[in-house]
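Colleague: My questions are about this predicted structure, shown below with the sequence.
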Amino acid sequence: MSTSAAGHLPPAYPERAAWGTAAKLRAWQEEALAAYLEGERRDFLAVATPGAGKTTYALRIATELLDRGVVRAVTVVAPTEHLKTQWADAAGRVGIQLNPSFSNSVGVQSGEYDGVALTYAQVGANPGLHRRRTETVPTLVVLDEIHHGGDSRSWGDGIREAFSGATRRLSLTGTPFRSDTHPIPFVRYEMDEAGILRSASDYTYGYSAALRDGVVRPVLFLAYGGAMRWRTKAGDEVAARLGEPLTKDQTAHAWRTALDPKGEWIPAVLAAADRRLTEVRRHVPDAGGLVIASNRTAARAYARTLEAVTGEPATVVLSDDAGASARIESFAADESRWMVAVRMVSEGVDVPRLAVGVYATSTSTPLFFAQAVGRFVRARRRGETASVFLPSVPVILGLAATMEEERDHALDRRSDAESEASIWAEEEGLLAAANRTEQALGPEDGTRFEALESDAHFDHVLFDAKQYGQHAEAGSEEEQDYLGLPGLLEPDQVALLLGERQARQARSGGARPEPAGPSPVAAHRALASQRKELNKLVAAYASKTGAAHATVHLELRRTCGGPELAAATGDEVQERIATIRRWFVGRR
């Protein structure tokens, strides 16, 4: 190690002492630092909203402990490889030298380092090695996003074995802990009034307080729905509108259809997001946008769409690609418009200029959503706002509306909490099933989901848990009214302008004026409407009789004749509608 046995500063890095005494901390960081130093506890859990400055806070504590000789080494454990480098760079700026390239297979490093930056997976792969390192010299272990200690039994067991002998442990998180019955290592649990064991933080700084202090940006959530049509694994065609009441499985498949790059929903929403980014850049010239995609194939397709919209290539970041970290760093430093990523930029990655986001993924856990939104909320100056575009999916809109709530990790949960956990699990399972098949339905394969078509419309804006606006067609003046909000506004000004726009839209009759007389309907829309009606009737009849949907469709074909539904004409579909209506009243 580069520090001496007495804990004095190494000669090469005298600037650390000056940083420790002269650097300006935010009010919450000063308060949390005082709480840490006053208690002198071995374990300390700090919960601070994404973008609040947890890294700066942790490094200040590390500086204090190194300077006082309490520890002589620092180990940082982070979720990803990129974050290891990010931590090492931040630590280097305050005179703490961390090695982000430490290798389990080598097991040793140069004496010029004050410690290492590791991933949870790296610790889990060889906890014995890191236990020996930790016990050899007094060590502060910083566990960044400690909830990852519950992601995998090997990760949780690994950090427990590796760091039980640490002199000090500082655990950090900026997002809600999951609801389960597995305790996270080094987190204290206390019994609440309902008899439930909940995680107890030693210091909490939530989004509401950070927004009040101007530490984070206010967030506008712009929700988009639309008409979706898909083919199920049974071969049935289903049509539904995203944003209207649907069953859970319909929601999952409508959501998947909306995210399909070949449909019209994604291009329309990306174009709207780019118009919003243009408006923001009038006031914040380097503002950037981020699209969070579900998988590699979709990410590349979204990037192609953005290039067609903007005329410039988008940065694509895939976590398993070489050079991903370098691309993130390059994007953070330049003034290009868009980056598209698969999970890589969902947690902890610091790109302060991100101001506009598109949530184009089917992941619906509170943890992931909070981390994703956290990429856009870091404030650089007062008045900056964040804009995040969402599909009109109830679970996602619910997370957006309750963004300011703080949640604790609870053990032995029952009743309402247990029910909530099962709902999340069910939603995730349905979406995972919808996402398992990325290939289109083949001519001889009737077992796969296929997204057929989609379109998009603006639904509303969510801001400060309040809803503004109503349905507007993509590209309309009503939509542009909301996309064109200035890029620099205080929160009360945002609410005022949204209210004014909503009132103006209402005075103009909204975006759905009744036509003066009948107007022609395109054949494909008329046929889609008929198919939608037939599929609803088939679903209702299948529920009534206990028969499978495919069986009901097959019986209709036998009775009425004609091809499968996808090839049926409007008259043939209408005949099947009339037939199944007769079946409901018992007339064959």
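Modeller: Yep, that arrived. Given the structure is predicted, the values throughout are model-derived calculations rather than measurements. Residues are numbered from 1 along each chain as shown.
Colleague: For Thr305, which residues are in contact?
Modeller: 261, 266-267, 270 (Cβ atoms under 8 Å, 6 or more residues apart in numbering). Every C-beta, even on glycine, is put in place using the N, C-alpha and C of the backbone.
Colleague: Name the SS class of it, please.
Modeller: Of the three states, Thr305 takes helix according to DSSP: H, G, I helix; E, B strand; the rest coil.
Colleague: Once you drop chain neighbours, what's closest to Arg501?
Modeller: Asp481 (4.8 Å; Cβ to Cβ, 6 or more residues apart in numbering).
Colleague: Pretty sure that neighbour sits in a helix.
Modeller: Yes - membership of Asp481 in a helix is supported by three-state DSSP.
Colleague: what's near enough to touch it?
Modeller: Per Cβ under 8 Å, 6+ apart, neighbours of Asp481: 501, 504-505.
Colleague: And it, how close does it get to Val461?
Modeller: Shown here: Asp481 relative to Val461, a distance of 10 Å by Cβ to Cβ, to the nearest Å.
Colleague: can you check Pro218 too?
Modeller: 12 Å.
Colleague: Wait, Ala400 touches Leu462, no?
Modeller: Yes - between Ala400 and Leu462 there is a contact at 5.2 Å, judged by Cβ atoms under 8 Å.
Colleague: overlap in contacts of the two?
Modeller: By Cβ under 8 Å, 6+ apart, the residues touching both Ala400 and Leu462 are Phe221.
Colleague: what bridges to His457?
Modeller: Beta bridges link His457 to Gly225, Glu473, judged by DSSP bridges.
Colleague: Contacts only, for it.
Modeller: 224-226, 471-474.
Colleague: among the residues you listed, which ones are buried?
Modeller: By neighbour count, with 16 or more other Cβ atoms under 10 Å, the contacts of His457 hold 224-226, 471-472, 474 as buried.
Colleague: with those in mind, which one is nearest to Arg296?
Modeller: Tyr224 (23.5 Å; Cβ to Cβ).
Colleague: That closest one contacts Val388, doesn't it?
Modeller: No - contact between Tyr224 and Val388 fails when scored by Cβ under 8 Å: they sit 11.4 Å apart.
Colleague: related to what we said a few turns ago, now tabulate the contacts of His457 in TSV and tack on pLDDT and distance to Val552.
Modeller: TSV is the format used below for the contacts of His457 (pLDDT from 0 to 100; distance: Cβ to Cβ, whole Å):
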residue	pLDDT	distance to Val552
Tyr224	96	33
Gly225	94	28
Gly226	93	27
His471	86	33
Ala472	88	37
Glu473	89	35
Ala474	89	35
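Colleague: Would you format these as a markdown table with distance to Ala539 included?
Modeller: Shown next, in a markdown table, are those (distance: Cβ to Cβ, whole Å):
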| residue | distance to Ala539 |
| --- | --- |
| Tyr224 | 26 |
| Gly225 | 21 |
| Gly226 | 21 |
| His471 | 25 |
| Ala472 | 30 |
| Glu473 | 29 |
| Ala474 | 29 |
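Colleague: Nearest to Val94 among these?
Modeller: So of the contacts of His457, ranked by how close each gets to Val94 (Cβ to Cβ), first place is Tyr224, at 42.9 Å.
Colleague: Count residues in the vicinity of Val106, would you?
Modeller: 8 (other Cβ atoms under 10 Å).
Colleague: gap between Arg282 and Ala355?
Modeller: When Arg282 is compared with Ala355 (using Cβ to Cβ), they lie 12 Å apart.
Colleague: again, but for Tyr482
Modeller: 16 Å.
Colleague: Arg296 now?
Modeller: Where Ala355 is concerned, Arg296 sits at a distance of 25 Å (Cβ to Cβ).
Colleague: Show me which of those two is the more surrounded one.
Modeller: Between Arg296 and Ala355, counted using other Cβ under 10 Å, the more crowded position is Ala355 (27 against 15).
Colleague: strand partners of the helix or strand encompassing the more buried one, parallel vs antiparallel please.
Modeller: Here Ala355 is covered by strand 354-360, with elements defined by DSSP states H and E. Strand 354-360 sits in its sheet next to strand 288-293 (parallel), strand 386-391 (parallel), going by DSSP bridges.
Colleague: and those, which is most packed in?
Modeller: strand 288-293 (a mean of 27; mean count of other Cβ atoms under 10 Å).
Colleague: mean confidence score for it?
Modeller: When pLDDT is averaged along strand 288-293, the result is 96.
Colleague: send the alpha carbons of that strand over as CSV?
Modeller: The C-alpha coordinates for strand 288-293 follow below in CSV (Å, rounded to 0.1, in the frame of the first residue of the first chain):
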residue,chain,number,x,y,z
GLY,A,288,-28.2,14.8,-24.7
GLY,A,289,-30.8,12.0,-25.0
LEU,A,290,-30.7,8.4,-24.0
VAL,A,291,-32.9,5.5,-25.2
ILE,A,292,-33.0,2.5,-22.9
ALA,A,293,-33.7,-0.6,-25.0
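Colleague: got a list of contacts for that strand?
Modeller: 270, 273-274, 277, 299, 302, 306, 314, 331, 335-343, 345-346, 351, 353-361, 372, 375-376.
Colleague: Tell me who's in contact with Leu534.
Modeller: 565, 573, 576-577, 580.
Colleague: Neighbour count for those - can I get that in JSON lines?
Modeller: JSON lines is the format used below for these (neighbours: other Cβ atoms under 10 Å):
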{"residue": "Leu565", "neighbour count": "21"}
{"residue": "Val573", "neighbour count": "21"}
{"residue": "Arg576", "neighbour count": "25"}
{"residue": "Ile577", "neighbour count": "18"}
{"residue": "Ile580", "neighbour count": "21"}
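Colleague: before we move on, the earlier item: looking at the strands paired with strand 354-360, spot the one closest to Trp230.
Modeller: Minimum separation from Trp230 across the strands paired with strand 354-360 (Cβ to Cβ) falls at strand 386-391, 14.5 Å.
Colleague: Now stretch 303-315 - C-alpha only, CSV.
Modeller: Only the C-alpha atoms of stretch 303-315 are listed here, as CSV (Å, rounded to 0.1, in the frame of the first residue of the first chain):
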residue,chain,number,x,y,z
ALA,A,303,-30.2,3.9,-33.4
ARG,A,304,-30.9,3.5,-37.1
THR,A,305,-34.3,5.2,-36.6
LEU,A,306,-32.7,8.1,-34.7
GLU,A,307,-30.1,8.6,-37.4
ALA,A,308,-32.9,8.9,-40.0
VAL,A,309,-34.7,11.4,-37.7
THR,A,310,-31.7,13.5,-36.8
GLY,A,311,-29.3,13.1,-39.6
GLU,A,312,-26.5,12.1,-37.3
PRO,A,313,-25.5,8.7,-35.9
ALA,A,314,-26.4,7.7,-32.4
THR,A,315,-23.9,6.2,-29.9
